[in-house]
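Visitor: what's the 3D shape of this:
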Amino acid sequence: MRLVVLTALGALTLAIWLYLLLAHGRFWHTSARLPRGSDPDVWPSVVAIIPARNEAEIVASTVPTVVGQRYPGRFRVLVVDDASDDGTGGLASAAGAVVVRGDGPPTGWVGKVAAMSCGVAVADSPDYFLFTDADIAYPPDALTALVRAATAHDLVLTSQMVRLRAQSRWERWLVPAFVYFFAQLYPFGRVNGPGRTAAAAGGCMLVRRDALHAAGGLVMIQDALIDDVSLARLLKGHGRIWLGLSPTIDSARPYPRLADLWQMIARSAYTQLRCNPLLLLGTVAGLSLTYLAAPLVTLLALATALWPAAGLAGTAWVIMTATYVPMLRFYGLSPARALGLPVIATLYAAMTVDSARRHRTGRGGAWKGRVGAGRGA
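Guide: This next block holds a predicted model:
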């Protein structure tokens with residue numbers, strides 16, 4: 001009976017990982033980089049909109065990198081000071097941005113989307129909006145490359161997953177896995193294709209204004225806590241979208257402690273599951289079967305000399321480990337860290353369960369002193 005059970009589990013985990021490796025949009029690959037394009041005949045106008053709430057520790061170093069873009073066309077930077085009380089607006093103004101004061105989200109809106117909408121309202125109808133975050137630092141030619149790609153490939157949304165900080169011990173363990181799991185949930189190859197899969201990375205989203213208007217505007221996602229994926233789903237019905245990795249655009253936000261990363265994940269994980277207990281149960285079970293079963297069955301089968309089960313589960317474990325290596329290399333980390341993926345997945349499952357607990361206690365979506373009551377993606 002033990003042989004039958006372990007062999008069946010080994011075969012199931014191997015089937016899962018063969019599917020993920022061969023038929024899941026090459027989610028594990030890190031080659032999705034911004035497509036090249038030639039210079040447009042006329043460079044379109046762009047307005048960057050940066051929602052910022054109590055970001056005084058960051059904006060002085062990041063906003064100048066947005067203001068300092070060497071862009072050939074007309075370009076403005078708006079920082080929407082979202083009711084900050086720490087001097088964020090003054091620092092952003094000193095950095096060269098135009099500062100718009102917000103008074104917090106109106107009823108029915110979540111904070112970030114309301115701030116984005118506030119920026120759109122005063123942006124004087126540019127050809128494109130660059131929605132970005134207060135912690136994002138850009139190289140001087142980033143906007144030019146984004147616009148080249150968007151115009152050459154007729155994209156209504158061009159988004160880059162910025163390189164998150166991976167310097168502290170916990171960042172090095174958990175940040176590459178965050179991007180890896182995101183790509184598994186939304187394979188970039190499928191996002192960029194004609195199917196229904198849609199996603200974006202909120203740190204860097206170049207959006208064509210006429211497409212946003214045709215889709216109904218930001219009011220259509222006014223209550224979306226996961227605003228980037230919601231915006232991508234809204235826009236994909238109005239043209240091509242593209243999502244990939246950026247090796248040069250960086251997030252300056254530090255997550256030095258496990259608690260900081262835990263807060264970042266637990267804030268919206270349950271919202272991503274539409275606050276559905278059955279989806280939560282399925283997610284935890286799926287993570288366990290996908291990431292824990294292979295190593296556990298392998299070790300147990302080896303200990304009891306059940307070689308067929310060990311061979312099946314061991315092969316699944318090797319495939320799982322190998323798919324994580326490209327992301328570790330993207331972050332300049334040792335491939336040996338891939339062996340820790342089952343433990344990391346367990347931590348992410350615990351964060352997801354904690355996210356559900358927070359929603360049950362009325363603290364779901366808490367961020368920057370506000371508790372979000374919006375919907376997911």
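Visitor: so what touches the longest strand along the chain?
Guide: Counting residues, the longest strand in the chain under DSSP state E turns out to be strand 240-251. Strand 240-251 is touched from outside by 30, 32-35, 133, 135-139, 142, 149, 153-165, 179, 186, 188, 191-192, 198-201, 203-204, 232, 235, 330, with contacts defined as C-beta atoms under 8 Å, 6 or more residues apart in numbering. Heads up, the C-betas are built off the backbone N, CA and C, glycines and all.
Visitor: got a ChimeraX select line for the buried ones in these?
Guide: Of the contacts of strand 240-251, the buried ones can be selected in ChimeraX as follows, counting by 16 or more other C-beta atoms under 10 Å:
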select :30,32,34,35,133,135,136,137,138,142,149,155,156,157,158,159,160,161,162,163,164,165,179,186,188,191,192,198,199,200,201,203,204,232,235,330
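Visitor: inside helices: which ones of the contacts of strand 240-251?
Guide: Among the contacts of strand 240-251, the residues falling in helices (DSSP state H) are 142, 149, 179, 188, 191, 232, 235, 330.
Visitor: and the furthest pair within those residues?
Guide: Largest separation among the ones in helices among the contacts of strand 240-251 by C-beta to C-beta: Leu235 and Phe330, giving 26.4 Å.
Visitor: beyond the longest strand of the chain, next helix or strand please.
Guide: Using DSSP states H and E, the next helix or strand after strand 240-251 towards the C-terminus is helix 258-266.
Visitor: what is the very next helix or strand once past that following helix packed up against?
Guide: Downstream of helix 258-266, the next assigned helix or strand under DSSP H and E is helix 269-272. Counting contacts by 3 or more C-beta pairs under 8 Å, 6 or more residues apart in numbering; DSSP states H and E, helix 269-272 packs against helix 341-360.
Visitor: contact partners of the helix it packs on?
Guide: Residues external to helix 341-360 that are found in contact with it (C-beta under 8 Å, 6+ apart): 173-174, 177, 181, 262, 265-271, 273, 275, 277, 280, 283-284, 287-288, 290-292, 294-295, 320-321, 324, 364-366.
Visitor: please redo it, this time with the cut-off set to 7 Å
Guide: With C-beta atoms under 7 Å, 6 or more residues apart in numbering as the test, helix 341-360 has contacts from 173-174, 177, 181, 262, 265-266, 269-270, 275, 280, 283-284, 287, 291-292, 295, 320-321, 324, 364.
Visitor: and stretch 3-12, by the same measure?
Guide: 293, 297, 300-301, 306, 308-309, 312-313, 316.
Visitor: convert the C-alpha atoms of it to PDB, please.
Guide: Extracted as PDB, the C-alpha positions of stretch 3-12 are listed here (Å, rounded to 0.1, in the frame of the first residue of the first chain):
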ATOM      1  CA  LEU A   3       4.400   1.700  -2.600                       C
ATOM      2  CA  VAL A   4       1.100   2.400  -4.300                       C
ATOM      3  CA  VAL A   5       0.500   5.600  -2.500                       C
ATOM      4  CA  LEU A   6       4.000   7.000  -2.800                       C
ATOM      5  CA  THR A   7       4.200   6.000  -6.500                       C
ATOM      6  CA  ALA A   8       0.900   7.600  -7.200                       C
ATOM      7  CA  LEU A   9       2.000  10.800  -5.500                       C
ATOM      8  CA  GLY A  10       5.300  10.800  -7.300                       C
ATOM      9  CA  ALA A  11       3.600  10.300 -10.700                       C
ATOM     10  CA  LEU A  12       1.100  13.100  -9.900                       C
END
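Visitor: centre of the chain to that stretch, how far?
Guide: Offset of stretch 3-12 from its chain centre (C-alpha atoms, centre = their mean, to the nearest Å): 35 Å.
Visitor: report the buried residues of that stretch.
Guide: By 16+ other C-beta under 10 Å, the buried positions in stretch 3-12 come out as 6-7, 9-12.
Visitor: with stretch 330-350 instead?
Guide: 330-331, 333, 337-338, 341-342, 344-345, 347-349.
Visitor: end to end on that stretch, go ahead and measure it.
Guide: 26 Å (C-alpha to C-alpha, to the nearest Å).
Visitor: and it, average pLDDT?
Guide: Averaged across stretch 330-350, pLDDT comes to 97.
Visitor: same question for the longest strand of the chain, mean pLDDT?
Guide: Mean predicted confidence for strand 240-251 is 98.
Visitor: ok, now stretch 171-178?
Guide: Here stretch 171-178 scores 98 as its mean pLDDT.
Visitor: got the CA coordinates for it in CSV?
Guide: Provided in CSV are the C-alpha atoms of stretch 171-178 (Å, rounded to 0.1, in the frame of the first residue of the first chain):
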residue,chain,number,x,y,z
GLU,A,171,15.0,39.8,0.5
ARG,A,172,17.5,37.4,-1.1
TRP,A,173,15.4,34.5,0.0
LEU,A,174,11.9,35.8,-0.7
VAL,A,175,12.0,38.5,-3.4
PRO,A,176,13.1,36.3,-6.3
ALA,A,177,10.4,33.8,-5.3
PHE,A,178,7.8,36.5,-5.3
